[in-house]
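J.: Model the following, please.
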Amino acid sequence: MTYKQFFVKPKKVKKRDGRIVDFDIFRIYTAIEKAMKAVGKYDKQILEKIVEFIVKIINEKYTENDVPHVEEIQDIIEFTLVKFDLYEVAKAYITYRKEREKMCLPRNLASRIDREKLKTYIYELFPEGPPNQVSTLYL
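T.: Numbers count the residues shown, from 1 in each chain. Reported below is the predicted structural model:
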């Protein structure tokens with residue numbers, strides 16, 4: 001069994017920045033896989049059981065017309081990891097989730113403000129040109 005064999009009812013998901021994007025089960029699969037590998041607990045069969053359980057919960061909770069928020073899906077993932085007694089994996093996943101949340105915060109803020117004003121301000125701060133991280137996030 002692979003992640004492509006999972007059918008998820010909701011077709012869309014709402015991102016932290018408010019965008020509505022296609023629901024991609026592969027993102028769940030790879031996020032859990034990375035968390036498992038990070039703590040040395042990777043097992044493909046267990047991973048597939050976990051993803052199967054997550055899909056079951058999502059399909060019970062949401063319809064084809066629902067657009068769950070990414071945070072709701074991540075809560076289901078955390079719940080499932082704990083249910084499967086994968087506490088170390090859950091901790092790694094939560095840490096990863098918090099880091100992603102921190103990375104998205106500047107992007108969310110930048111999407112709400114006037115880009116030209118922001119660009120002017122950044123070039124005032126960095127007359128020789130902004131560092132790559134600033135350019136990537138804000139420009």
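
J.: Tell me which residues touch Arg97, please.
T.: Counting by Cβ atoms under 8 Å, 6 or more residues apart in numbering, Arg97 touches Gln74, Glu78. Yep, even glycine has a C-beta here, placed from its N, CA and C like the rest.

J.: same thing but at 7 Å, please
T.: Contacts for Arg97 were tallied using Cβ atoms under 7 Å, 6 or more residues apart in numbering; they are Gln74.

J.: For it, grab phi and psi.
T.: phi -60, psi -40 (degrees, to the nearest 10).

J.: any idea how far it is from Lys117?
T.: Distance from Arg97 to Lys117, counting by Cβ to Cβ, to the nearest Å: 31 Å.

J.: can you map out the strands along the chain?
T.: 12-14, 20-22 (DSSP state E).

J.: Please render those strands as CSV that adds mean neighbour count to the earlier fields.
T.: Shown next, in CSV, are those (neighbours: other Cβ atoms under 10 Å):
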stretch, mean neighbour count
strand 12-14, 17
strand 20-22, 10
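
J.: Out of those, which is closest to Lys56?
T.: Judged by Cβ to Cβ, the one of the strands of the chain that comes nearest to Lys56 is strand 12-14, at 17.1 Å.

J.: and that closest one, average pLDDT?
T.: The average pLDDT within strand 12-14 is 95.

J.: elements contacting that strand?
T.: strand 20-22, helix 70-83 (3 or more Cβ pairs under 7 Å, 6 or more residues apart in numbering; DSSP states H and E).
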